[in-house]
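K.L.:
Output the structure for:
(one chain, ligands or ions: 1)
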Amino acid sequence: MAQYTRVSGSVGLITLQSPPVNALSAAVRQAIVDSMQRALSEPEVKSVVICGQNGLFSGGADIKEFRGQMSGPPLIPMIHAIEASSKPVVAAIEGIALGGALELALGCHYRIAHSKARVGLPEVTLGLLPGAGGSQRLPRLIGVPAALDLITTGRHVTAAEALKFGLVDQITDHNTVNVAVKFAQRVAGQPLDARRISTYPCLSPPDVDVLFEEVMQRVRRTARGAIAPIACVQAVRAAATLPYNQGMERERELMATLSTSGQTRALQYFFFAQRAVGRWSMPSGARWDTSKPRPVHKAAVIGLGTMGRGIAVALAQAGFSVVAVETQEKQLMEAKQAISGMLERGAKRRGVAPALDKINYGCNIQSVAHVDLVIEAVFEDMALKKKVFQQLSAVCKPGTFLCSNTSGLDIDQLACQTRNPELVVGMHFFAPAHVMKLLEVVYGPKSSPLAVATAMQLGKKIGKVSVAVGNCRGFVGNRMLKPYLEQALFLLEEGATPEFVDQVLEEFGFAMGVFRMSDLSGLDVGWKVRMADGLAVPNPTTGQATRLRQGRRYSPLGDLLCEQGRFGQKTGRGWYQYNKPGSQVAKPDPWLHSFLDEYRAWHALVARRIDHQEVLERCLYSMINEGFRILEDGIAAGPEDIDVIYVFGYSWPRHRGGPMFYATTVGLNKVLERLEHYHQAHPDVPSLQPCDLLRKLVASGSPPIQKWREVIKKVRSQL
Ligand SMILES: CCCCCCC/C=C/C(=O)SCCNC(=O)CCNC(=O)[C@H](O)C(C)(C)COP(=O)(O)OP(=O)(O)OC[C@H]1O[C@@H](n2cnc3c(N)ncnc32)[C@H](O)[C@@H]1OP(=O)(O)O
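P.N.:
This next block holds a predicted model:
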């Protein structure tokens, strides 16, 4: 809703009132239309101010309304009517003005923002474009290059940046509504012709065609198949080349295509999924809203390899005091230098002072005695980690939370080494830890809700999207990665090449195909794990047995590469070849192709033609099937957790919503049917056997993803 009041005698004040973010719902739009009519009809009112309650202008169109049939007054005519008003209208922007809200402000004759406000047109992140005239008004106001930047990235800009662009007329540190009311009184009666942005010419640089060509190429490259960024460029191009009314028509056409696309549905789902993961729950019934975190002031990181360094940087940059421990003197010196460099580069980028003084270094575990929380990031070796947890338990003050950055080892075994297993959780960061947004917070059977709540809150404070998950091998992310990697290897055995498999996955939208990704992260990492599991055996016996281990099909291809010292980018050879060790430019490797030929011949495998469909179905459906098992086992509370993990941690294309949402777009019955088909063809591959939950969901009519939790509850109660 919106409240209409008259202030200072002659100003009509319209206050948007729709908690939590004053979204422009049908009721709010109706109230704006009614209030404007009232302001125009009251002779005492000479000007109008629009603001939002609780220090927040508005978060834009109500995203929840996009799901159904739109009702209430549409935004476009509402904004046109404001712009056409004979009385000046001033937008008083506090907090945020995003999407439709900024478009509303662009329809006003003046914009005054608080210095702490942020504005932006993030529609592209929802698979849309600024479809309420924003794509046509913004370039007319701030020029084509700046508008292209804001509209294609959806980034929020500060009030200061907005002032520089000419997007707002004034910024203030004082009460924005009071300042806007005084401003409105001053401009009352002044001519408005020069204040209506839709009447402005769109000033473009002389080489506008070159500019659009370059922007389009860049956007296509980074969009990874998303259509909204491309439509955004097309809409701005219409602003630059067509009269306003024709530009609006083009905006409408493009918006119509986007708003009926599967991509916007996926992105809207993902918007709410990101928020849903904050409302975590544990199988014990403990929940986010009943479990209070304990404040953390001082944290420690043990082990300053790549992960530990990134974690220390993430903590220091967020203002935490950090004790960084590395027991080897030489490595400590190297880490100190590397961390300082990372902090300095990050600070330069953000225009702040580097948080160098936030970190104290030590080579003795005793130095963590007084911290509130420790994150262990030593080498991925259970025996070593157990020893560290024993030491930490002896050294740390009572009540210290002990967290492990393991990427998949059993949290319970670590908890058992300590005096207070309830204070132990996993905090699984993703490399590089100061950059990647994802954090898996792993609770074991003994972890207390207090420990989970504290780790979740710490994650939020350091800017991570934190997802609480249960304890199992690989947790959620790496557990689902296993069948995906496995299928990719099987496809090589059956006739595919790494380049082909990667091409299919990259066309699907992954930033990197599975083989390029393995080369980047290092083939030796998985090899060591497989050796510890007794799967990778050096110089195995020959023949079929090599491809059947622990009762199931196994591909030793990765192990064979590692035996040759081919660890990926770092050694200059892996699934691809590189110019030199450390280079990132992957080139197909004729050696590898001959090696695959020889391998197939050795195992009497006849290479066959494998198509796009098979690569996608086998890699993705086996991964999705594992996702259903994870839900069935209660390791993830809902499909949103899995999807958020995959988008933020594994470069799953966001416009496809995440693996579980993707399954709904394919159709659960189709996923089931294809898994059955592939399992029949490969009965020795258990990951292709459709899991019970998938069967039950299909049997219950494939309910929408928002209803899965009910089915999961039923399935789990029957166990
Ligand atoms: C011909 C047709 C014409 C149609 C024209 C359409 C053109 C306009 C399109 C749009 O405006 S699309 C929407 C653009 N706006 C956004 O993308 C903003 C999205 N929101 C945010 O970025 C953030 O929520 C925030 C506003 C910066 C606030 O962040 P904060 O961290 O403080 O809180 P959150 O937890 O994110 O959100 C709180 C609460 O509010 C819900 N919410 C936020 N924004 C919206 C919204 N625009 N519509 C509906 N609901 C919104 C959010 O879901 C949270 O609720 P819960 O999920 O926790 O219940």
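
K.L.:
okay, CA-based contacts and neighbour counts for the rest of this
P.N.:
Will do.

K.L.:
ranges for the helices of the stretch 151-300 of the chain?
P.N.:
Taking DSSP state H, counting those that start in this stretch to define them, one finds helices in the stretch 151-300 of the chain at 159-165, 176-187, 208-223, 228-241, 244-259, 262-276.

K.L.:
Need the mean per-residue confidence for the fifth one.
P.N.:
It stands for helix 244-259. On average, the pLDDT along helix 244-259 is 98.

K.L.:
Can you check which of the helices of the stretch 151-300 of the chain gets nearest to the ligand?
P.N.:
The ligand lies closest to helix 262-276 among these, at 5.2 Å (C-alpha to the nearest ligand atom).

K.L.:
CA atoms only: put that closest one into PDB for me.
P.N.:
Taking C-alpha atoms only, helix 262-276 is exported to PDB below (Å, rounded to 0.1, in the frame of the first residue of the first chain):
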ATOM      1  CA  GLY A 262      12.100 -20.800 -18.900                       C
ATOM      2  CA  GLN A 263      15.100 -18.800 -17.900                       C
ATOM      3  CA  THR A 264      13.300 -16.100 -16.000                       C
ATOM      4  CA  ARG A 265      11.300 -18.800 -14.100                       C
ATOM      5  CA  ALA A 266      14.600 -20.500 -13.200                       C
ATOM      6  CA  LEU A 267      16.200 -17.200 -12.100                       C
ATOM      7  CA  GLN A 268      13.100 -16.200 -10.000                       C
ATOM      8  CA  TYR A 269      13.200 -19.600  -8.400                       C
ATOM      9  CA  PHE A 270      16.900 -19.100  -7.700                       C
ATOM     10  CA  PHE A 271      16.300 -15.700  -6.200                       C
ATOM     11  CA  PHE A 272      14.000 -17.200  -3.500                       C
ATOM     12  CA  ALA A 273      16.200 -20.300  -3.200                       C
ATOM     13  CA  GLN A 274      19.100 -18.100  -2.100                       C
ATOM     14  CA  ARG A 275      17.000 -16.700   0.600                       C
ATOM     15  CA  ALA A 276      15.500 -20.100   1.600                       C
END
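
K.L.:
Please renumber the chain so that the first residue is 10 from this point on.
P.N.:
Happy to do that; since the first residue is 10 now, the last one works out to helix 271-285.

K.L.:
returning to what we had before: same list (the helices of the stretch 160-309 of the chain) but as JSON lines, adding mean neighbour count.
P.N.:
Converted to JSON lines, those look like this (neighbours: other C-alpha atoms under 10 Å):
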{"stretch": "helix 168-174", "mean neighbour count": "18"}
{"stretch": "helix 185-196", "mean neighbour count": "19"}
{"stretch": "helix 217-232", "mean neighbour count": "15"}
{"stretch": "helix 237-250", "mean neighbour count": "24"}
{"stretch": "helix 253-268", "mean neighbour count": "19"}
{"stretch": "helix 271-285", "mean neighbour count": "19"}
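
K.L.:
Just send those helices back as CSV, with distance to L459 too.
P.N.:
Listed next are these as CSV, based on distance: least, C-alpha to C-alpha, whole Å:
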stretch, distance to L459
helix 168-174, 38
helix 185-196, 40
helix 217-232, 40
helix 237-250, 42
helix 253-268, 42
helix 271-285, 19
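
K.L.:
in the chain, which helix or strand is least confident?
P.N.:
With mean pLDDT, DSSP states H and E as the measure, the helix or strand of the chain carrying the lowest mean pLDDT is strand 557-558 (a mean of 82).

K.L.:
The next helix or strand after that strand pairs with which strands, parallel or anti?
P.N.:
Using DSSP states H and E, the helix or strand that follows strand 557-558 towards the C-terminus is strand 561-562. Strand 561-562 pairs in its sheet with strand 557-558 (antiparallel), by DSSP bridges.

K.L.:
Give me the contacts around the partner strand.
P.N.:
Under the criterion C-alpha atoms under 8 Å, 6 or more residues apart in numbering, residues 544, 563-564 lie in contact with strand 557-558.

K.L.:
Highest neighbour count among the residues you listed?
P.N.:
Ranked by the number of neighbours (other C-alpha atoms under 10 Å), these place S564 first, at 22 neighbours.

K.L.:
For it, give me its contacts.
P.N.:
Each residue near S564 by C-alpha under 8 Å, 6+ apart is listed here: 495, 498-499, 502, 555-557.

K.L.:
Between the residues you listed, which sits nearest the ligand?
P.N.:
E495 (36.2 Å).
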